[in-house]
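In: quick one, what's the 3D model for this:
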Amino acid sequence: MSQSYNRGLIEDFGRWKEFSAGMWAWIFHKFTGWMLIGYLFTHIAVLSSSLTSPEAYTTTIQGLESLFIIRVLEVGLLAVAVFHILNGIRLLMVDLGVGLEAQDKSFYASLIITGVIVVASVPTFLDGVTF
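Out: Sure, this is the predicted structure:
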């Protein structure tokens, strides 16, 4: 006789509050990984403009860098990359058996460190942007 588990409706977002820090770390790590893959394809598309001519590439980069939304997306990219790196290091340490009892704390620390780095970097990214 097999057992079944009622997972509830997909629309039942109330069970998200039951997620542990480990589950959120897993979700964020997968999400940031997919975001980085998306950025990679976008990056390749922009770099391919250099195949036409160096001037086309320069024009493309200057056009993109002059847009405020691109600067905001660059800050987002930094946040995604920093969190993914820090959480990856955290996962490596857990796989090696280091800090098994402090996984929640290390996840929260990676979030806080990511936030500090991103906030400290915002002035650099927004330097020279006209609103």
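
In: can you check the pLDDT for the residue nearest the centre of the chain?
Out: Central residue of the chain (CA atoms, centre = their mean): Val80, 1.9 Å from the mean position. Val80 is assigned 97 on the pLDDT scale.

In: now do the buried residues in the helix-or-strand element of the chain with minimal mean pLDDT.
Out: Within the chain, no helix or strand scores below helix 54-65, which has a mean of 89 by mean pLDDT, DSSP states H and E. Residues of helix 54-65 classed as buried by neighbour count (16 or more other CB atoms under 10 Å): Tyr57, Thr60. Glycine gets a C-beta too; all of them are placed from N, C-alpha and C.

In: show me what secondary structure element comes after that helix.
Out: Remark: after helix 54-65, the chain's next helix or strand is helix 68-95, criterion DSSP states H and E.

In: for the helix or strand following that next one, which helices and strands make contact with it?
Out: Scanning forward in sequence from helix 68-95 by DSSP H and E, the next helix or strand is helix 103-126. Here helix 103-126 touches helix 21-47, helix 68-95, going by 3 or more CB pairs under 8 Å, 6 or more residues apart in numbering; DSSP states H and E.
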